[in-house]
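>>> Generate coordinates for the sequence data below:
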Amino acid sequence: MVDKIKDNELFKGIFESSIEGILVVDQEGNIIKANPSIDKMFGYEPGELVHKKVDDLIPPHYGKSHENHRKGFGRKPVTRIMGKRGDIWGLKKNGLQIPLEISLSPTEISSENLTVAFVIDISDRLLTQKSTAANAQKMNEAQSLAHVGSWVWNLQTNERSWSDEFYRICGLPVGDERLTAKTASKFIHPDDQQNVLASVDYAIKNCTPYSNKKRIIRADGTVRHIMAHGKASYDLYGKPLEWFGTIQDVTEQKETEQQLEENLAKNKALLGALPDMMFILNHEGKFLDCYAPEPEKLFAAPATLIGGYINELLPKHIYEAVRKGMDKTIESEEIQFVEYDFEVKGGRQFYEGRIVPMDKNRLLTIIRDITAERVIENILYVRNRALAATANGIIICDAQQPDFPIIYGNEAFTKITGYEKVEFMGQNCRFLQGDDTDQIEIKKMSAAIKKGEDCRVVLRNYRKDGSLFWNEISITSIYNTKKILTHYVGVQNDVTAHKIQEFFKIGQSHVMDMIIQHKPLKTIAYKIIETIETAIPNCQGSILLLDQKSDKLKKLAAPNLSERYTKAIEKMFLSPENGSCGTAAYLKKEVIVSDTLNDPLWEAFRELAIKDNIKACWSFPIFSSNKELLGTFAIYLPVSRKPLDTEKEIINIITQAISVAIDQHNEGVALKDSRQELAAYAEALEHKVAERTVELKDIVQKLVESNLSFEDQIQITKTAENNAIASQKLLDTIFKNFPRGFVGVLDLNLSVVFIEGEDLDVVGFRDAIQVGATIDELRQVPIELKKNVKKNIQKTLKGEHCSFEVKVKGISYLVNTTPLFNENHEVIQALLVYNNISDQKRVEVEIRNTLQKEKELNELKSRFISMASHEFRTPLSTVLSATNLIERQNEAGQEEKRIKYISKIKTSIKNLVGILNDFLSLSKLEEGKVIAQPILFDFVEFSDALVEELQGIKKTGQEMAIVYSSYSIQVQLDPKLLRHIVHNLLTNAIKYSEENTKILLIISTKNKKLFIEVTDQGIGIPDEDQGYLFQRFYRAKNATNFQGTGLGLNIVQQYVLLMRGNISFQSKLNHGTTFIVELPLIY
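Next up, the predicted model:
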């Protein structure tokens, strides 16, 4: 009984204290008994689970499957051990689900079938498994990134395991069955197998780490170089248990080393072939060593040179230049350049020296003969300056390439054609002809090019905007020394103004002749249209007359406009928004519509404009001599553009000619009407006389005949009078409307006989100069002008033709004088013609300004050449000197020195890459290939990483600190452009600051903008250089001793502007500089 009681107490104690949850459940799923652990596991109070259904502990979506399982278990109860059924979930009282492991034990108590369930919450185990899996995944990723694989070899069981990257290094898929304990050694290269196995055996036996370089052969037959490291673990008795380690694929590193060895060999061979002279000096100027491929160029024999001093062996001016360069090198510890020259029998020789700092108070000096280069540079400079300075367009085409592409075009060609270099480089120049390819001159030019001959033609060419210009082209064939045609040089001259004036003068002369000859108005109008359409190719003209009765415009001449369009403008009303012509007539001023498809004035005519390809229309009102509106003159074009100044001037003159023709026509019409009225009156009078008595018939007849004869005389007289009046009126109209100037006539007494012209009103002389007054009596005319004119008039009255320039109220005039003779060929008067040449003067100023800009461009080009030659020579000199020293330090025990020189080579190459990257960035910016690609990222984290990266290039004692307004600043900008901006500003701060100084990077935000400030305590920027700091290739005068291209800040500014930002700076000489970059947080 005691034993039974003890057992009951024991079982009860176990039940109550078990850390596993225990449930006792009957066949209907009722909970009979539950221990405290299960209550706590599911969040119930002690004893609360008793009498509940076990289904209450199961999530709803598992309810059906659990019920089926319970019923099946009830029919055939079998003990199930822990963990044999996966993915079992329980439902806590608070609704949370937890993963479980359950063991089931069927039992019978008091003839009742019960099931005892032991339950474990495996939440912590699953979290641990997930963490372990994640760590394993990270390890695999790390090995993959580092190309490092690992292995473990159980020396007791011979079991082996390999990491995923180990399989990949062997060229196998992960888990591939071709890698086994038996086949592992077969992957080792046959030539390396014996050595590898012996090394492993030795390491295990002697308890030493294992490192070995070997080769493996992948499954695909490729050979890879491997670096293997291994180590064994041992028991307390020194018996090896496991052999484990890593392998790393170093094939690329091996190839790089081989390439470096080849490069070193090439550099050594190159050094032997260099014509440069090299000397090693100490800081006192003593020659320690020398290398001279041409000893005759030395100032002393090599044997006597070593041990001598530069002040004793070199001419004074060369010594001073070299000593100055040495002192700068010693002070700055940077490469310095010196140049010197001297006279020899063959002429002046030029040399360049590079002084490179070395260790142990030594300097390497490399001397190079640059005489030939200097001659070539001078020749190229003169030629390039000549090409750039010319106002003519110049292109060079490659005659050895298909279709003769353009390989060079100067600024004048760009200005004449409107095309940028990126648009025409590589193209054949026929693109300037557009669709106008049927010109005879083109065939002439093509024939000459086929024969390789020179030629000169004048072509119709078209600018980028579609406007026509006349191009005088001179083509020159260039042959090399072997008489092979290599290039064509084309010199272009825009002769549009001259050509238009030529066409216009011919047409104007014909028009004036027709007006003088009283040709019909319609005939004159058609000739005027023909003249303007010849002077301005591809245009169409129209002349509309104003009907005074209907106040509408009617067509006088429009020979080349379509019939549907002329019908539409026929009887056009004068209105402020009625096309170009209706509006010009209404406003009584010119109306220039350069885009008919979008201008509101053309809304009613837009469909017609599209059908007839009318894209521009210029309309000018026509006025009579008394300023009354006569009609309109219009020009229609198939391209959208405004008139050129030359075209506008021609149109104004044509408009005046139309005005004269219309006035003459109207006067003729009035004269004809008068004649008809007079004839009607005579006919009526004759009729009355005929009705008189027969007796008076003979007398009346005689009177009639007499009257008719007298009438004819009167008519002849009146006609002559009218002709004289018309001629006088025509001359008055011509002189009164004399364009852009005025005309005057003076007699022998220097009295004004006649003066007329448009510009009399412009300069205020119309009221100031009266006919009959002498030059001296003209009080309102400037005294200097009167003296100048009087002097030239006196020469003219002696028979001379004079030409001189004067300036009246700021307007420039070219004055031409001509003597006027009587019938006895005696000079009686002097004719003065004032032509307004202000536009020509303005063009001269523009040309001078253009020449100045080209001069500045040449200076920029020279700075670039100087900078590039300097910056490229510096690292290359370091590479050459380092390779020479590596060759000299080739014996054993000099490994550290060789590594140091190799480091110098790498640094120099890195500098070269930096310079080339600057040039590449600048090129891409010019070509428009740089486009901001913003992404969202944390700028604070970005800046921390960048500053950490730059820690390695700081000078001794320099401190770099970051201050930011927030621990996280999210920006949406281009990280590559932003990295370049901040990297450049920070490296500049490091470069131009002394040791033991502080550099501060401040990051803040305000008004949705990002502010970046970089402050240093460096050399500062002189006031006179601050305005030019962002220009290409510009370097402040106090920065010339620091390595740099002068491109960095220019590229930074362009990147900032590309992201819609702004950059500024504040600087004080010798106190430091602060650069401030302002960017939007979201681009």
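>>> show me the contacts for L601.
577-580, 583, 591, 593 (C-beta atoms under 8 Å, 6 or more residues apart in numbering). (Each C-beta comes from the backbone N, C-alpha and C, glycine too.)
>>> these two touch, right, L978 and F942?
Yes: the criterion here is C-beta atoms under 8 Å, and L978 meets it with F942 at 7.4 Å.
>>> between the two, who's got more neighbours?
Neighbours per residue (other C-beta atoms under 10 Å) separate L978 from F942, with L978 holding more: 27 against 18.
>>> Could you pull up the residues touching that one?
Listed by C-beta under 8 Å, 6+ apart, the contact set of L978 reads 939, 942, 971, 1059, 1079.
>>> confidence score at the fourth one?
What that stands for is M1059. M1059 is assigned a pLDDT of 90 by the prediction.
>>> about what we covered before: give me the lowest-pLDDT entry from the contacts of L601.
E577 (82).
>>> would you say that residue is within a strand?
No: checked against DSSP: H, G, I helix; E, B strand; the rest coil, E577 lies outside a strand; its state is coil.
>>> Of all the helices and strands in this structure, which has the lowest average confidence?
helix 697-736 (a mean of 50; mean pLDDT, DSSP states H and E).
>>> Show me what the helix or strand just after it packs onto, helices and strands only.
Toward the C-terminus, helix 697-736 is succeeded by strand 741-747 as the next helix or strand (DSSP states H and E). Applying 3 or more C-beta pairs under 8 Å, 6 or more residues apart in numbering; DSSP states H and E, we find strand 741-747 packed against strand 752-756, helix 759-763, strand 827-836.
>>> how far off strand 741-747 does the first one point, in degrees?
Meaning strand 752-756. Per axes from the mean of the first three to the mean of the last three C-alpha atoms, to 10 degrees, the angle that strand 752-756 makes with strand 741-747 is 170 degrees.
>>> would you put the C-alpha positions of strand 752-756 in CSV?
The C-alpha trace of strand 752-756 is given here as CSV (Å, rounded to 0.1, in the frame of the first residue of the first chain):
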residue,chain,number,x,y,z
VAL,A,752,22.2,124.0,-101.3
VAL,A,753,20.4,123.5,-104.6
PHE,A,754,18.5,120.2,-103.7
ILE,A,755,18.3,117.9,-100.7
GLU,A,756,16.0,114.9,-100.2
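>>> just checking, what packs against it?
Checked by 3+ C-beta pairs under 8 Å, 6+ apart, strand 752-756 has helix 697-736, strand 741-747 packed alongside it.
>>> What pairs with that strand, parallel or antiparallel?
Looking at strand 752-756 with DSSP bridges, its partner strands are strand 741-747 (antiparallel).
>>> how far away is E48 from P36?
11 Å (C-beta to C-beta, to the nearest Å).
>>> who has more neighbours, these two?
Set side by side, E48 and P36 show more neighbours around P36, with 16 against 13, by other C-beta under 10 Å.
>>> Now the more buried one, what are its backbone angles?
The phi and psi values for P36, taken as degrees, to the nearest 10, are phi -60, psi -30.
>>> mind listing what it touches?
Residues near P36 by C-beta under 8 Å, 6+ apart: 16, 46.
>>> L597: what's it in contact with?
606, 609-610, 615, 640.
>>> thinking again about what came up before, got CSV for the contacts of L601, with neighbour count and distance to H665 too?
CSV is the format used below for the contacts of L601 (neighbours: other C-beta atoms under 10 Å; distance: C-beta to C-beta, whole Å):
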residue, neighbour count, distance to H665
E577, 12, 31
N578, 21, 26
G579, 28, 25
S580, 27, 24
T583, 20, 25
V591, 22, 25
V593, 25, 29
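>>> And these, which is closest to Y237?
Using C-beta to C-beta, V593 is the member of those that lies nearest Y237, at 106.5 Å.
>>> Can you show me the strands along the stretch 951-1083 of the chain?
Counting by DSSP state E, counting those that start in this stretch, the stretch 951-1083 of the chain has strands at residues 959-964, 970-973, 998-1006, 1009-1015, 1062-1068, 1072-1080.
>>> Just the mean pLDDT for the second one, thanks.
In this case it means strand 970-973. 93.
>>> Tell me the helices and strands packed up against it.
strand 935-938, helix 939-950, strand 1072-1080.
>>> Tell me which of the ones you listed lies nearest to L313.
When those are ranked by proximity to L313 (C-beta to C-beta), strand 1072-1080 comes first, at 44.3 Å.
>>> by contact count, what packs against the closest one?
Using 3+ C-beta pairs under 8 Å, 6+ apart, strand 1072-1080 is in contact with strand 970-973, helix 975-991, strand 1009-1015, strand 1062-1068.
>>> run the last query once more with 7 Å
strand 1009-1015, strand 1062-1068 (3 or more C-beta pairs under 7 Å, 6 or more residues apart in numbering; DSSP states H and E).
>>> Make a markdown table from these and add mean pLDDT to it.
As requested, these are exported to a markdown table (pLDDT from 0 to 100):
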| stretch | mean pLDDT |
| --- | --- |
| strand 1009-1015 | 95 |
| strand 1062-1068 | 93 |
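>>> right, so those: which one is the most enclosed?
Of the helices and strands packed on strand 1072-1080, the one with the most neighbours on average (mean count of other C-beta atoms under 10 Å) is strand 1009-1015, at a mean of 19.
>>> List the strands paired with that strand, with their directions.
By DSSP bridges, strand 1009-1015 pairs with strand 998-1006 (antiparallel), strand 1072-1080 (antiparallel).
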